[in-house]
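Trainee: Predicted coordinates and the sequence they were generated for:
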Amino acid sequence: MEGFRLSPQQERLWRLAGSAEAAAGYRAWCVAAVEGPLDRGALERALELAVERNELLRTSFRTVPGLAAPLQVPSPPGPLSRLPYPLPGRGGEEEALSALLAQPFDLAGGPLLRWSVLPLSPERHLLLLALPALLADTAGLDNLLGEIARCYAAAVAGNPLQDEPVQYVDLSEWQHELLESEDTQAGRDFWRRQPETPETPELPLVIPASAGPWAPQSLRVPLPTDLPRLAEAWGVPVGQALLAGWQALLWHLVGRPESLALAVTFAGRKFEELREAPGLFARDLPIQARLEPGMLLRNLAGQLHRDLSDVAEWQEYFTPAVGARDLPFAFEERPPVRRYQAGLLAFTVLRRDASHGRALARLIAEPGAVDLHYDSFRLPDAAARLLVERLATLLTSAANDPDAVLADLELVGPEERRLLLEDWNDTRTAFPGESLIHRLIENQAAKTPERIAVESDSGRWTYADLEARANDLARRLSVFGIGPEARVAVCLDRSLDMVAALLAIWKTGGAYIPLDPAYPHERLRLMLDDAHPALLLTGPGALPELAPPSLPILDLGSTEEAGPGAVGAAQATGRARGREVEAHPKELSRAEPTQAQPAGVPTSSDQLAYILYTSGSTGRPKGVMVSHQAIANRLLWMAAAFPLAEDDAVLQKTPFGFDASIWELFLPLLTGSRLVMAPPGAHRDPAALTRSVAAHGITVLQLVPSLLGPFLDADGLSGCRSLRRLFCGGELLSPALRDLTFARLARPDI
């Protein structure tokens, strides 16, 4: 086997791909118009002749043990790879191109040139060409079409071509000699003097690059009308004015770093011998600038003009280290498409592309248009459209003030401004006549009194039982003077009684303050001292000694197996609202409720519903006061956005001192679903969670990503087939963890 080293550009692309299969996915393609009386036989002979004359078009890539990269191996001329003519189904241009690109390339076997012809009329056809990007860049595609046109003219005339084209493997070896010769030390020194390329911050809400496959998409828009005027004002070419705007926009969007680098594509054809050669010579080179808010955009354009000139002079000598990262943002300016005459036939490039880098977003300037090529796996289509819209807005802002500084450039255009200020703020919603959560739960209980409302491993209550329990406890709370906006501290483990207690407090008009018994004593004392509750509602062993001596304590002291009226004995002594209060156990347990009946205390939607305390990670924990209107707004929206059915079961496992517990507790009750209380401490035990899900037929579950992973690894996961909806938030959810969830639960509809 006679093989040759990959060219420096091929080496970079191979390193970027990481494998032969991935490298085959980088494509170069061209759509050309063929106008005139086409001789189909002559066209096929022309393609055969082009392949015969150019070793590049019959090159394959063979791996050799001990070498990190394969060798490029020219093969003898062989059959061409052509799709049927005409194409099956007689589809349009896009269908034909998709069919051509859908065929996988066998880099080691070949043949690697694919072609097809799409007839549009007797005098107009489309010629479609496709190769691996290892064999062509956009200029190389133009040159390949020119070679085919020359070969067609020779085939029609019956005259052989006399010139001998320069072969790519020879040019590749020459490039390596440039990089290794002592005579080219100055070029290598230029790149050694360049500062290290800074890490580029990620765009907000973008998926990390290593998270999944490359999914290239493109978006074409007209060239901004203000751009030529702006370039003239700055005294730079139009393409460089566009590059300055692109860099300024990205600087704004990634957080205004001191230095920002872009990958700029250089053709790599500075020397005369390379200008008409097919093949891959283009390369992405780093261009970086220091930016600051007060810098003139005009000065940034001038700085880029100088940097681009220097890099163009020494572009052949850039040698990135193996493993060097590729920049996420790129810019490329392409020359006008070319037209080749072959007797009575004209070949004209209509569209072409060659992927030679996995940039997150590559802006490509062509005459009269701008293309944004982007990785749609990481950057959603809507975000890509927003990028080009903001770029147009920025350029218009700069054209209106050529001496504008970076910080003052306008990014938000009329459409986005309307979206932000009007569409997204049009939040008017017609609430039901009743918008208090506990009243809505009362209404639900009246409709479905015998349906199970809440259950745990210890027992279950119907909606009628829950209402009776809460109403009975509300009457007892009134003995302590609990009324509108009175604050009641609740120190209870997760249980059926806890649910009744929270509803009872709301029925009196009061507001609850959750005290997790697992909290450190110091934090619990701080919350009690800061909130000034009128009462501490607690259970057996729930640390009543933490309460100030003047704070009344109501100890429920019941078991969940007891009937709905057995609230249990309560003991209370101390001061409330500045007066003596004493309640006797016999008096507090006097009434056995016979029906679910509201306590009847008026409550307005703007009254306080509960107080949650922050973690205190930035200092002292702070109490956040939430009104009934606020929580009703949240839960009614969620009930509409994520409706629950009567057979749904929601697991309540978030400690009730966290805001995420609110919807777990009350959304199922106001929609007629089933609330299931996980055992105390289950939120820290993935195995306990899987047992609860399996035992109670849980259909709706909420987990933070850091708990989702261990949950998926728990032994009892196979019993969790009842899950229909999984909420996951509070932390970054990686695509890998998302995909693992679907795979482990075998429920892609979650």
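Mentor: Arrived safely, thanks for sending.
Trainee: ok but residue 418 is inside a helix, no?
Mentor: Yes. The assignment for residue 418 by DSSP: H, G, I helix; E, B strand; the rest coil puts it in a helix.
Trainee: And it, how far from residue 426?
Mentor: 11 Å (Cβ to Cβ, to the nearest Å). Just so you know, the C-beta spots here come from the backbone N, C-alpha and C atoms, and that holds for glycine as well.
Trainee: wait, isn't residue 13 in contact with residue 23?
Mentor: Yes. The pair residue 13 / residue 23 is scored as a contact, 6.6 Å apart, by Cβ atoms under 8 Å.
Trainee: intersection of neighbour lists for these two?
Mentor: Shared contacts of residue 13 and residue 23, defined by Cβ atoms under 8 Å, 6 or more residues apart in numbering, comprise residue 134.
Trainee: all strands of the stretch 151-300 of the chain, in order?
Mentor: Taking DSSP state E, counting those that start in this stretch as the test, the strands found in the stretch 151-300 of the chain are 216-222, 259-266, 283-290.
Trainee: With mean neighbour count and mean pLDDT added, can I get those in JSON lines?
Mentor: JSON lines is the format used below for the strands of the stretch 151-300 of the chain (neighbours: other Cβ atoms under 10 Å; pLDDT from 0 to 100):
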{"stretch": "strand 216-222", "mean neighbour count": "14", "mean pLDDT": "89"}
{"stretch": "strand 259-266", "mean neighbour count": "21", "mean pLDDT": "93"}
{"stretch": "strand 283-290", "mean neighbour count": "20", "mean pLDDT": "91"}
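Trainee: And those: which comes nearest residue 686?
Mentor: Evaluated over the strands of the stretch 151-300 of the chain, closeness to residue 686 peaks at strand 216-222, with 38.3 Å, by Cβ to Cβ.
Trainee: Strand partners (parallel or antiparallel) of the closest one?
Mentor: strand 369-375 (antiparallel) (DSSP bridges).
Trainee: can you list contacts of the following helix or strand past the strand it pairs with?
Mentor: Downstream of strand 369-375, the first helix or strand assigned by DSSP states H and E is helix 381-400. Residues from elsewhere that reach helix 381-400 (Cβ under 8 Å, 6+ apart): 203, 205-206, 217, 219, 221, 224, 226-227, 229-230, 233, 241-242, 245-246, 248-249, 253, 297, 361, 363, 370, 372, 374, 376, 404, 409-413, 415-416.
Trainee: Around the nearest residue to residue 371 once chain neighbours are set aside, how many other residues sit close by?
Mentor: For residue 371, ignoring the flanking residues on the chain, the nearest one in space by Cβ to Cβ, 6 or more residues apart in numbering is residue 364 at 4.2 Å. By the measure other Cβ atoms under 10 Å, the count of residues near residue 364 is 19.
Trainee: From residue 706, how far out is residue 364?
Mentor: 41 Å.
Trainee: ditto for residue 661
Mentor: Separation of residue 661 from residue 706 (Cβ to Cβ): 17 Å.
Trainee: higher neighbour count, these two?
Mentor: Of the pair residue 661 and residue 706, residue 661 is the one with more neighbours under other Cβ under 10 Å, namely 19 against 11.
Trainee: can you count the residues close to residue 350?
Mentor: Counted with other Cβ under 10 Å, residue 350 comes out at 12.
Trainee: Wait, a strand at it?
Mentor: Yes. Per three-state DSSP, residue 350 lies within a strand segment.
Trainee: Begin at 11 from now on, thanks
Mentor: Sure, I'll start counting at 11 from here, so that last one is residue 360.
Trainee: Verify the stated contact: it with residue 39.
Mentor: No. Here residue 360 lies out of contact with residue 39, judged by Cβ under 8 Å, at a distance of 11.4 Å.
Trainee: Distance check, the residue nearest to residue 381 against residue 262.
Mentor: On the measure of Cβ to Cβ, residue 374 and residue 262 end up 21 Å apart.
Trainee: As a check, name the ranges of all helices in the stretch 111-260 of the chain.
Mentor: 148-167, 178-190, 195-202, 237-244, 248-263 (DSSP state H, counting those that start in this stretch).
Trainee: same for the first one, what does it pack against?
Mentor: Applying 3 or more Cβ pairs under 8 Å, 6 or more residues apart in numbering; DSSP states H and E, we find helix 148-167 packed against strand 37-45, helix 50-63, strand 134-142, strand 349-352, strand 355-364.
Trainee: and it, which residues are buried?
Mentor: Counting neighbours by 16 or more other Cβ atoms under 10 Å, one finds that the buried residues in helix 148-167 are 148-166.
Trainee: Quick check: residue 662 touching residue 685?
Mentor: Yes. Assessed by Cβ under 8 Å, residue 662 is found in contact with residue 685 at 6.0 Å.
Trainee: which residues do those two both contact?
Mentor: The contact sets of residue 662 and residue 685 overlap at 674-675 (Cβ under 8 Å, 6+ apart).
Trainee: sorry, back to before: the residue nearest to residue 381 in helix, strand or coil?
Mentor: Per three-state DSSP, residue 374 ends up strand.
Trainee: How about it: which residues does it bridge to?
Mentor: Assigned bridge partners for residue 374, using DSSP bridges, are residue 342, residue 381.
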